[in-house]
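Colleague: what's the 3D shape of this:
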Amino acid sequence: MELFWEILVSALLVIGGFFGLVGSFGLVKLPDAMTRLHAPTMTATLGVGACLIASMVWFGAEKGELSLHELMITLFLFMTAPITAHFLSKAIMLRNIPRETLPKPTEGDWAVYTPLSDTAAHELDEAVEIEKERAEKARKKAILEDEYEGEVDGTDPVDEGKDNQK
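Modeller: Numbers count the residues shown, from 1 in each chain. From the prediction side, this is the model:
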């Protein structure tokens, strides 16, 4: 094997390893699910793709025959990773993240929360029910915190509200 091909294969493997390491580190260290989603779908995909292309180059240079298996795997990976990330992000938005905590889109609203999106109607209804449950829990928690605050400072928030209504 010529020196050029060995250097090229080595460089692709180092690049692949670097992207894999960055993707793994991002998956562990990024703060929330939506940002953690980008680490494996972007950087790790490039890492695996570089390793597969290195394998394709090595077999082509060493054995003199072109192996298209690695190329097909790389293309399939590059085509499916964005679609998978899209589905995972929609699932995260529907199931785990309250609408208010999401960053505001520049135009319109998030597609998950619009009635004409590709989300099934029953999923949208479930998301609305989950939001109502979260709002009810937050309201009950606020009431409990107000009651606790009254115990600490000696005032009764319920009586203060009645005084304001008179």
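Colleague: does F59 really touch L68, like I thought?
Modeller: No. In this structure F59 lies outside contact range of L68 using CB atoms under 8 Å: 10.1 Å. Every residue, glycine included, has its C-beta placed from N, CA and C.
Colleague: more neighbours, these two?
Modeller: Legend: neighbour count by other CB atoms under 10 Å for F59 and L68, higher for F59 (16 against 9).
Colleague: how close does that one sit to S10?
Modeller: The gap separating F59 from S10 is 15 Å, by CB to CB, to the nearest Å.
Colleague: and for L21?
Modeller: As for L21, its distance to S10 is 16 Å (criterion: CB to CB).
Colleague: now swap in M56 and tell me
Modeller: As judged by CB to CB, M56 and S10 stand 15 Å apart.
Colleague: of the two, who's got more company?
Modeller: Using other CB under 10 Å, the more surrounded residue of M56 and S10 is M56, with 21 against 12.
Colleague: that one contacts E62, doesn't it?
Modeller: No. Under the criterion of CB under 8 Å, M56 makes no contact with E62, lying 11.1 Å away.
Colleague: find residues that contact each of the two.
Modeller: Jointly contacting M56 and E62 under the rule CB atoms under 8 Å, 6 or more residues apart in numbering is no residue at all.
Colleague: what about the spatially closest residue to T43 that is not a sequence neighbour, neighbour count?
Modeller: Nearest non-adjacent residue to T43, counting by CB to CB, 6 or more residues apart in numbering: G23, 3.7 Å away. Neighbour count of G23, defined by other CB under 10 Å: 21.
Colleague: tell me what the helix or strand containing G23 is packed against?
Modeller: In the assignment (DSSP states H and E), G23 maps to helix 3-29. Helices and strands touching helix 3-29, by 3 or more CB pairs under 8 Å, 6 or more residues apart in numbering; DSSP states H and E, are helix 33-38, helix 45-63.
Colleague: right, I'll call it a day here.
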